[in-house]
Every structure is written in structure tokens, then in C-alpha cells.
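# sharing a model that was predicted from the sequence below.
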Amino acid sequence: MWRRNLLVWKKFAFASVLGNIADPLLYMVALGYGLGALVGEVGGMPYVAFIGTGMVCQSAMFTASFEGMYSAFSRMHVQRTWEGIINAPIALDDVVLAEWAWCATKALMSTTAILLVIVALGFGHTWLALWILPLGFLVGLVFGAFGLVMNALAPGYDFFTYFFTLVITPMLLLSGVYFPVDQMPGWLASAASVLPLKHAIDIARPLMLGRVPDGIVLHVAVLAVYAVGAYYVALVLTRRRLLK
Amino acid sequence: MDAAVERALPGRGRDGRERVLAVSGLVKRYGKQEVVRGLSFDIVRGECFGLLGPNGAGKTTTLRCCLGLVDPDGGTIELVGEPVPKAAREARVRVGVVPQMDNLDPDFTVTENLVVYGRYFGIDRATLDARIPRLLEFAGLSAKARAQIRTLSGGMKRRLTLARALVNDPELLILDEPTTGLDPQARHLIWDGLRQLLAQGKTILLTTHFMDEAERLATRLAVIDHGRMIACDAPRALIAEHVEPEVVEVYGDEVKAWAEAHGRGLAKRLEIAGETAFCYAIDAKPLLADLATRTGVHYLHRPANLEDLFIKLTGRELRD
């Protein structure tokens, strides 16, 4: 299944990579240089690098969520590809696992692409920044699993809008992608600390500056718990949907 | 070997032929509703077994149980010698499936569809490369090897789905309503393909609600309704056993009056459905003689067929 998706991706690779890079890149450059001129340094780095690091995590989140929802839903429900595959000697659990791995793989691809751009702009010249790549994969596992939960519940594509409005947008605004979380009132900042994207960003920013993040074990643990927990829920719900 | 001894061997069915599928006492419940209620049947190597039943009779659920996609609530299933659902994966390696709705992969070409599907079975590239040209030829799609799926007609898609189900050279081919939604030409092509496979000694399990399809292809038929088997035999034998051999369909403005006044006396059994009276008889001559003198009614005289059997066994009321 994973290989099938890779084969399809190869066919549309150019458009896909363009989509993955172009959007965050525009945000990064426009906001980075535009707003950056007003705010100067944030968190010990130029604003472009600050927002760039946020964009890496954000694009991993977006890519994996999209793949887990819209793309997986097309393959599961619209094209009935999953149904064909489980008639072969492959179990539904294998299909879901492969889709999950694929979500994270795509997140890794877009993480790589954006990191390359950041490096080309002259930031993040440190070997520690390479650790952002596995981080992107982990973020992909978290949001890929979230996406697959939604996929298992969705009656149609419109359903996924809920996820964007209720999960992605708050996550985006409260996790410190565009500004440091400590700018917000205390109660809001503590609310933000349950968000997985916040933990991803708390890992990514120090790495970009060439520092090992504080409390890295806790951050990784939170992400891992979200990933595994959501994946388990997705698996149970998908079985309930298709194997009856 | 003595025939009686041979029959007693496990894994053997009637005439000592190898059983490709053995279902015994199958039960499946959804909530409180029993969808399959104690279904038992065997399929032996080389036969085409038809599963016939109205919508909601439990056909598709039975197939899903046999493939190990749904866990039954009771009974045992042995598919190509493997216990299901326990060894469903091992069994599915040697089974081909044509689903009710096409699920070809629209992101790939015709050939790629076969290659990718073959990979799901763990078949290596060299074997696939040798097998695929023959499969395309069988499906009449050699000229379309590089075509995109969306450019194929409905009949071509179905033939490709059939070819795809053969990619692992299966011992049993399972088809769930293989010709639903196809035009007559396309249906005949599918039937020809299936006959070729039977001639090669393949075993087929087929569900359908087309009586002509069942009559043409199936060596043996099981009629199921409300999750139970109500009859199982060769198509002609079933008709002979359950339905009078001759049927006269009478229609026209005065059909109801004619039926009550004359028809019921002349036919062994008479049923009125809408504006048509179905008269069943051992010998239709007296009926025909009477009808020849009437005006205001038309009639069609024909031998009994599977549809008569089906209606007799499952009733005329609408399902679904």
C-alpha cells in the first residue's frame, strides 16, 4: 500500500512538491521579511528564521492531515481501493498502517523541502537542524493518525472542514508558529501546552539555533502518545466501518 | 480406492472430488438481526456454483464471511483447505475476487493495475511480466495495455477486474454480481470468459440476481432467502422439482375476469401480478385451446424457467 502511494506520488511529484513548498514558502518570505522588518529578532533569531521553523512544523501537520483525510478518503471510500486490497492476502490493519506510514512520509518530504529553503536563505547552518527531519516524520505520525480518525468517521469530504476549524486553526494560532506563546495571557499559554504542535515547535526552534531543546524527552513523549493513541482510535474506528 | 472410502476422506465432497469451499452452519448477526441463519454448502473443484437470492438475502455477507473479512457468529468455513477466519490470509493467496462494484485503481494504467494488484499477493515482477500479456489477451484488452482506467467502458472495466482477479492464478474465483450494470454485449463477453475458465478447470462461486446468468453458467445453484438455503441443485433439476413444466402468461384488459372465470380451472396454479396472470400447468393444451377462443386477452406460452422457480421460492413481494 505504501509503495502504491509512492508510485502514484511519483506521477504527480512535481505538482505535489510545488504545492508542499510554495505555500509555506510564500508565508515565510512575506511574513518573515514584511513583519520581520517591524519586529526584528524574536526568540533570539531573525523573524524569518523564527517563522520558517514554525512553517516546517506547520507544513508537516498540514501535509499529513491532508493525506490522512482527503487522500485516504478517496482511496478508501470513493475509489474503493482499500476494498480491493483486503480481498488480496492483506489485512485491513496492514492497509491502515501503510496509510499512516505514508502520511508521515509525505510530512517528511515537505519538512525536507522547507528545511532546504531555510538553509538556502542562510539560516540553520548546524548539524542539529537535521534532527528536524525525524521530528517532521513524528509530527506526520501525529496528524496522519488524527486524519485517519476523521477519515474513519467521515460521511463525505465536507466533514473534514470540522477538523480544520476546530483543530488545525486553533493549533496553528496557539502553538507559536507566528509568535512566541509567552506573548499570550497565562491561561491561554497553559491551554496551548496540551497541543501537539506546540511541543513540536518547542523542539524545532532550539534545534535551528544549534541547541539541544530543554525537556526534549517530555516533548517527544507527548507527541508519541498523541500519535499512538490516535492511531489506535483510527484503527478501531476503521475496522468498525469496513469490516462488518 | 473404494468410492465410499474416498467420500469419507476429509476435504472431499460428492463423488470424492476435492472441496474448494466448505461452509457449515454459518451464522452471522448484526445486532439482534440474524442475516445468515445456519447456511451450509460445499463447492467441489471444477464446478460453477451460483448463489441466488433477492436483495438482502445474505449473499454478500456470506461471501465476506468466506473471505474472512467478517467474523461469523457461528459455523465453520474451509476455503481452499484453510480454516477461515483463522487462516484467511493464507486462503486468500489462492482465491480471486471480482467485487460487486469496480474498484480498479484510477491512478494507474491498465497494465499497472495488474502489476500493483499482483504485488499485493507478493508475486515477483518476472512472474507478473510473463502472466500479464496473457491476462490482457483473455480480457480482450491487449490494445489498451497503456490506457488510463477512466478511458475504459463499463464492460472493459469489468473484464479488467476479472483479469485482475486471475493475477494470482487462483484455485477459486469468487464473483459478486459480475454483470450488474452491463449492456447485453458486454455481459456475453464476460460469460464467454467465465466459460473459458470453467473449461480450463477453474472453480467459480457466483452470486447473481440475473436468472439467465445463473441458468447459463451455474452447474449447481443454491437459492437463499432471509439467510437460509431454500433449495440447492442443478438449475434444470431445481425447476423440474419445484415448478410445473409449462407456463402461459396471459395479459390484456379482461385478464382478471378471464382468470377467475376460466383460468383457475384450467391451470394447476395461477398467480396474478399486476396486469398479468401467470398460469402454471403440467400440460398447457387445454389452456391454449381456451385462450384461442378469447378476445381481449393475449398470451405467451413458454417452458418454465429459473425465474418461475425463484418467484415461487421467494415470493413476489418487493425487497430492499
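Looks like it arrived, so ask away.

# report the contact partners of residue B:160.
By Cβ atoms under 8 Å, 6 or more residues apart in numbering or on different chains, the contact set of residue B:160 is B:104, B:110, B:113, B:114, B:139, B:141, B:149, B:152. For the C-beta atoms, the positions are set from N, CA and C on the backbone; glycine is no exception.

# relative to chain A, how far out is the second one?
When Cβ to the nearest Cβ, to the nearest Å is applied, the distance between residue B:110 and chain A equals 15 Å.

# low-confidence ranges in the chain?
Assuming you mean chain A. A:1, A:8-17, A:20 (pLDDT under 70).

# that was the other one, I meant chain B.
Those would be B:1-16, B:319-320, if you go by pLDDT under 70 across chain B.

# could you look up the SS state of the closest residue to residue B:21 other than its chain neighbours?
In space, and not counting its chain neighbours, residue B:21 is closest to residue B:43: 4.3 Å by Cβ to Cβ, 6 or more residues apart in numbering or on different chains. Assigned state for residue B:43: strand (three-state reduction, DSSP: H, G, I helix; E, B strand; the rest coil).

# give me every residue in chain B lying close to chain A.
Within chain B, the positions adjacent to chain A are B:30, B:67, B:69-70, B:89-90, B:92-93, B:97, B:99, B:101-108, B:112, B:116-117, B:119-122, B:168 by Cβ under 8 Å from any Cβ of the partner chain.

# give me the subset of those lying in strands.
Among those, the ones falling in strands (DSSP state E) are B:30, B:97.

# residue contacts, the closest residue to chain A within the stretch 201-320 of chain B?
Residue nearest to chain A within the stretch 201-320 of chain B: residue B:205 (13.2 Å; Cβ to the nearest Cβ). Residues near residue B:205 by Cβ under 8 Å, 6+ apart: B:21, B:43, B:49, B:51, B:63, B:66, B:172, B:173, B:174, B:175.

# from the contact counts, what lies against the host helix or strand of the last one?
Think residue B:175. Assigned by DSSP states H and E, residue B:175 falls within strand B:172-176. Using 3 or more Cβ pairs under 8 Å, 6 or more residues apart in numbering or on different chains; DSSP states H and E as the contact test, the elements touching strand B:172-176 are helix B:59-66, strand B:95-98, helix B:154-165, strand B:203-208.

# try 10 Å
strand B:19-30, strand B:48-52, helix B:59-66, strand B:95-98, helix B:154-165, helix B:184-199, strand B:203-208 (3 or more Cβ pairs under 10 Å, 6 or more residues apart in numbering or on different chains; DSSP states H and E).

# return the most buried member of these.
Mean neighbour count (mean count of other Cβ atoms under 10 Å in any protein chain shown) peaks for strand B:48-52 among the helices and strands packed on strand B:172-176, with a mean of 26.

# partner strands of that one, parallel or antiparallel?
strand B:203-208 (parallel), strand B:220-225 (parallel) (DSSP bridges).

# possible to save these as a markdown table with distance to residue A:206?
Shown next, in a markdown table, are these (distance: least, Cβ to Cβ, whole Å):
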| stretch | distance to residue A:206 |
| --- | --- |
| strand B:203-208 | 61 |
| strand B:220-225 | 66 |
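
# show me what from chain A comes close to chain B.
Proximity of chain A to chain B (Cβ under 10 Å from any Cβ of the partner chain) is limited to residues A:1, A:3-5, A:7-9, A:11-12, A:74-75, A:78-92, A:94-95, A:242-244.

# out of those, which sit inside helices?
Using DSSP state H, the members of the residues of chain A next to chain B that fall in helices are A:3-5, A:7-9, A:11, A:81-87, A:92, A:94-95, A:242.

# any idea how far the residue positioned nearest the centre of chain A is from residue A:231?
For chain A, residue A:61 is the residue whose C-alpha lies nearest the centre (Cα atoms, centre = their mean; 1.8 Å). Per Cβ to Cβ, to the nearest Å, residue A:61 is found 16 Å from residue A:231.

# now do the contacts for residue A:149.
Contacts for residue A:149 were tallied using Cβ atoms under 10 Å, 6 or more residues apart in numbering or on different chains; they are A:68-69, A:163, A:229-238.

# and it, helix, strand or coil?
Following three-state DSSP, we place residue A:149 in the helix state.

# not counting sequence-adjacent ones, nearest residue to it?
Distances taken as Cβ to Cβ, 6+ apart put residue A:234 closest to residue A:149, at 4.5 Å, once the chain neighbours are dropped.

# which helix or strand contains the one you found?
Going by DSSP H and E, residue A:234 is in helix A:216-242.

# can you give the distance of that helix from its chain's centre?
Here helix A:216-242 is found 14 Å from its chain centre; the criterion is Cα atoms, centre = their mean, to the nearest Å.

# same check on stretch B:85-93?
Centroid separation between stretch B:85-93 and its chain, computed with Cα atoms, centre = their mean, is 23 Å.

# check which residues of that stretch are buried.
Neighbour-count burial for stretch B:85-93, counted by 16 or more other Cβ atoms under 10 Å in any protein chain shown, picks out B:85, B:87, B:88, B:89, B:90, B:91, B:92, B:93.

# ok, now stretch B:237-250?
With burial defined by 16+ other Cβ under 10 Å, the residues of stretch B:237-250 counted as buried are B:238, B:239, B:242, B:243, B:244, B:246, B:247, B:248, B:250.

# what helix or strand is the first one on?
Counting by DSSP H and E, the element that carries residue B:238 is helix B:235-242.

# select from the contacts of residue A:149 the one having the most neighbours.
Scoring the contacts of residue A:149 on neighbours with other Cβ atoms under 10 Å in any protein chain shown, the highest-scoring entry is residue A:68 at 32 neighbours.

# so who does the closest residue to that one other than its chain neighbours touch?
Nearest residue to residue A:68, sequence neighbours excluded (Cβ to Cβ, 6+ apart): residue A:147, at 2.0 Å. Contacts for residue A:147 (Cβ under 10 Å, 6+ apart) come out as A:61, A:63-73, A:99-100, A:103, A:140, A:154, A:160, A:163, A:230, A:234.

# distance check, residue A:147 against residue A:141.
Distance from residue A:147 to residue A:141, by Cβ to Cβ: 11 Å.

# who touches both of those two?
A:64, A:100, A:103, A:230.
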